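# Show me the folded form of this:
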Amino acid sequence: MGFPSHEGRSGALGEVHARPHPLVGSPRVLVQLSFMTEGGATVDHAVLCELARRLGVAAPERQARHYAMKWGNGSLRWERHTEFSTYLFEGPLAASGRPQEEQPFGNGFSPPGTVISGIRLEIRKWTANSERKLLAGFDPTSLCYSLVENGKAAIVTDFRQDGDGLTHILVLDKGLTPARTGALSQRLIDIETYRTLAMLGLPLALSLSGRVRRIEDRLAVITREMKVAETRDSQTLLADLTELAAELEADAASSLYRFGASRAYDGIVRERLDALDETPVPGYDTWAGFLQRRVAPAMRTCRSVEERQANLSRKLTRATTLLRTWVDVEVERQNRDVLASMNNRARLQLRLQQTVEGLSVAAVSYYVVGLIGYLAKGFLAFDHVVPPEVVTAASVPVAVLLVWWGVRRVRRSHSEPGKPAGE
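Okay, here's the model as predicted:
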């Protein structure tokens, strides 16, 4: 209409169509491989460019997140996610159960990373004879079989891997449209893919559980030592607490993303299972029931380790704060003792100064009186009648008072440096 568009409008509108469900008939086979993309999007782009070159079609753009190409009578779809990418091949299925043509994952395919999930999903027509024959190929100890789409389809899997390392999933079609078949297939593939990704947090949780337990035990020992005031070494205990806190925070930082991703993937799995709206088949487990028993404990383990890390971090913080308070109190006590010692030294210095001051008054007075005596003896030449001894004796108190007064003024002038000596 000629109005200016927001810069993010096209992306926001296109996101709802970013992952369209393929239109799938029957019999068909879908094979999806998921690769962890540690090398980044550049590796994926190189793989897609090589596949496009082999087919003689245009390669995707470097910033693309979705791409599709024809592959014989089928198609190959690529999607890039946060930490993994998926390659989904969809093609016709022969009566023997093998694809009618070569898959793209054969010779000449360079994987962009390590494989995290592999799925082979077969879509077949539902007949009484085929049902019994096809179910016999699954492991009965973990077989999950339920009805979906209001009874128009059945979904079967044992969550085991075949000789190619792929999880085998079977969809028995009893009148689904290609659109509903494609939506159901995508939902089942998402359940298996995200279920595997969610379980990546379990090995990390198990490895961190022992480390968390060791830190908890060490914290208990430190807090018991903190209670004994007679043998408490606050500096050593504080260093131990700081070391434990640093180790815990390092483990928590390294596991933050993986535990968060496991929660997100587990949420997607639960959403897809709820969307299936399964109807149980007597004698068999449903997908939701089986995964609830097997995946939920692993997710609870991850949450438990994450919560233990958070609680332990708070306990370490409180213990460190308490110990720092004791250290501050000890430092203040030491400072008080140092100030008291300085006061004692200042008092002794003052007494020594007063003693020296008294001795200096006596010494200076002695020399002054001696000078006066020499002067009195010198006046005998002028026939003075006052004897020198009398003059000397009379000058003693005067000299002492004058010297004392002079020393006192000097001391006052030194104690008040900003005040003139005559004030």
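# Please make it C-alpha for all contacts and neighbour counts, starting now.
Fine.
# which strands and helices sit next to the lengthiest helix in the chain?
Longest helix in the chain, counting residues (DSSP state H): helix 287-378. Applying 3 or more C-alpha pairs under 8 Å, 6 or more residues apart in numbering; DSSP states H and E, we find helix 287-378 packed against strand 144-148, helix 201-227, helix 234-276, helix 388-415.
# Point out the most buried one among these.
strand 144-148 (a mean of 22; mean count of other C-alpha atoms under 10 Å).
# who does the helix or strand that that strand is followed by touch, helix- and strand-wise?
The C-terminal neighbour of strand 144-148 among helices and strands, as given by DSSP states H and E, is strand 153-161. The contact analysis (3+ C-alpha pairs under 8 Å, 6+ apart) places strand 153-161 against strand 144-148, strand 167-173.
# For Gly260, see how far away the most centrally placed residue in the chain is.
Nearest residue to the geometric centre of the chain (C-alpha atoms, centre = their mean): Ala253, 2.0 Å. Applying C-alpha to C-alpha, to the nearest Å, one obtains 11 Å for the distance of Ala253 from Gly260.
# So His362 is in contact with Leu401, correct?
Not His; residue 362 is Ala. No: with contacts counted by C-alpha atoms under 8 Å, Ala362 stays clear of Leu401, the gap being 10.3 Å.
# got any residues that touch both of these two?
With contacts taken as C-alpha atoms under 8 Å, 6 or more residues apart in numbering, not a single residue reaches both Ala362 and Leu401.
# show me where pLDDT drops low in the stretch 1-150 of the chain?
Under the criterion of pLDDT under 70, the regions of the stretch 1-150 of the chain flagged as low confidence span 1, 14-20, 95-101.
# just the angle between the top strand by length along the chain and strand 167-173, please?
Looking across the chain with DSSP state E, the single longest strand is strand 115-125. Per axes from the mean of the first three to the mean of the last three C-alpha atoms, to 10 degrees, the angle that strand 115-125 makes with strand 167-173 is 20 degrees.
# Which elements pack onto strand 115-125?
Contact here means 3+ C-alpha pairs under 8 Å, 6+ apart; on that basis strand 115-125 packs against strand 28-36, strand 167-173, helix 178-198.
# Kindly calculate the angle that the following helix or strand past the first one makes with strand 28-36.
Same thing as strand 28-36. Next helix or strand after strand 28-36 toward the C-terminus (DSSP H and E): helix 41-55. Computed by the same axes, to 10 degrees, the angle separating helix 41-55 from strand 28-36 equals 140 degrees.
# what about dumping the CA coordinates of helix 41-55 to PDB?
Extracted as PDB, the C-alpha positions of helix 41-55 are listed here (Å, rounded to 0.1, in the frame of the first residue of the first chain):
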ATOM      1  CA  ALA A  41      27.200 -22.300  10.300                       C
ATOM      2  CA  THR A  42      30.100 -22.100   7.900                       C
ATOM      3  CA  VAL A  43      30.500 -25.900   7.900                       C
ATOM      4  CA  ASP A  44      26.800 -26.500   7.200                       C
ATOM      5  CA  HIS A  45      27.000 -24.000   4.300                       C
ATOM      6  CA  ALA A  46      29.900 -25.900   2.800                       C
ATOM      7  CA  VAL A  47      28.100 -29.200   3.000                       C
ATOM      8  CA  LEU A  48      24.900 -27.700   1.400                       C
ATOM      9  CA  CYS A  49      27.000 -26.100  -1.300                       C
ATOM     10  CA  GLU A  50      28.600 -29.500  -2.200                       C
ATOM     11  CA  LEU A  51      25.200 -31.200  -2.300                       C
ATOM     12  CA  ALA A  52      23.800 -28.400  -4.500                       C
ATOM     13  CA  ARG A  53      26.800 -28.700  -6.800                       C
ATOM     14  CA  ARG A  54      26.200 -32.400  -7.200                       C
ATOM     15  CA  LEU A  55      22.600 -31.800  -8.200                       C
END
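# For Gly106, give me phi and psi.
According to degrees, to the nearest 10, the main-chain angles of Gly106 amount to phi -90, psi -140.
# give me the low-pLDDT residue ranges for the stretch 251-400 of the chain?
Per-residue confidence of the stretch 251-400 of the chain (counting by pLDDT under 70) places the weak regions at 354, 380-386.
# The same query, at a cut-off of 80, please.
In the prediction, the stretch 251-400 of the chain carries residues with pLDDT under 80 at positions 326-327, 329-330, 350-351, 353-362, 366, 369, 372-392, 394-396, 399-400.
# circling back: what's in contact with the longest strand of the chain?
When contacts are taken as C-alpha under 8 Å, 6+ apart, the neighbours of strand 115-125 outside the stretch itself are 25-36, 93, 165-174, 185, 189, 192-193, 196-197.
# Next: stretch 348-365.
By C-alpha under 8 Å, 6+ apart, the surrounding residues in contact with stretch 348-365 are 396, 399-400, 403-404, 407.
# and it, how far from the chain's centre?
A distance of 70 Å separates the centroid of the chain from that of stretch 348-365, by C-alpha atoms, centre = their mean, to the nearest Å.
# Give the buried residues for it.
Burial within stretch 348-365, assessed by neighbour count using 16 or more other C-alpha atoms under 10 Å, is assigned to 357, 361-362, 365.
# send the alpha carbons of it over as PDB?
These are the backbone C-alpha positions of stretch 348-365, laid out as PDB (Å, rounded to 0.1, in the frame of the first residue of the first chain):
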ATOM      1  CA  LEU A 348      56.000   7.300  78.400                       C
ATOM      2  CA  GLN A 349      57.500   9.600  75.900                       C
ATOM      3  CA  LEU A 350      55.800  12.600  77.600                       C
ATOM      4  CA  ARG A 351      57.100  11.600  81.000                       C
ATOM      5  CA  LEU A 352      60.600  11.200  79.500                       C
ATOM      6  CA  GLN A 353      60.200  14.600  77.900                       C
ATOM      7  CA  GLN A 354      59.100  16.200  81.200                       C
ATOM      8  CA  THR A 355      62.100  14.600  82.900                       C
ATOM      9  CA  VAL A 356      64.500  15.800  80.300                       C
ATOM     10  CA  GLU A 357      62.800  19.200  80.500                       C
ATOM     11  CA  GLY A 358      63.400  19.400  84.200                       C
ATOM     12  CA  LEU A 359      67.000  18.300  83.900                       C
ATOM     13  CA  SER A 360      67.600  20.800  81.100                       C
ATOM     14  CA  VAL A 361      66.200  23.600  83.200                       C
ATOM     15  CA  ALA A 362      68.600  22.700  86.000                       C
ATOM     16  CA  ALA A 363      71.500  22.400  83.600                       C
ATOM     17  CA  VAL A 364      70.900  25.700  81.800                       C
ATOM     18  CA  SER A 365      70.200  27.400  85.200                       C
END
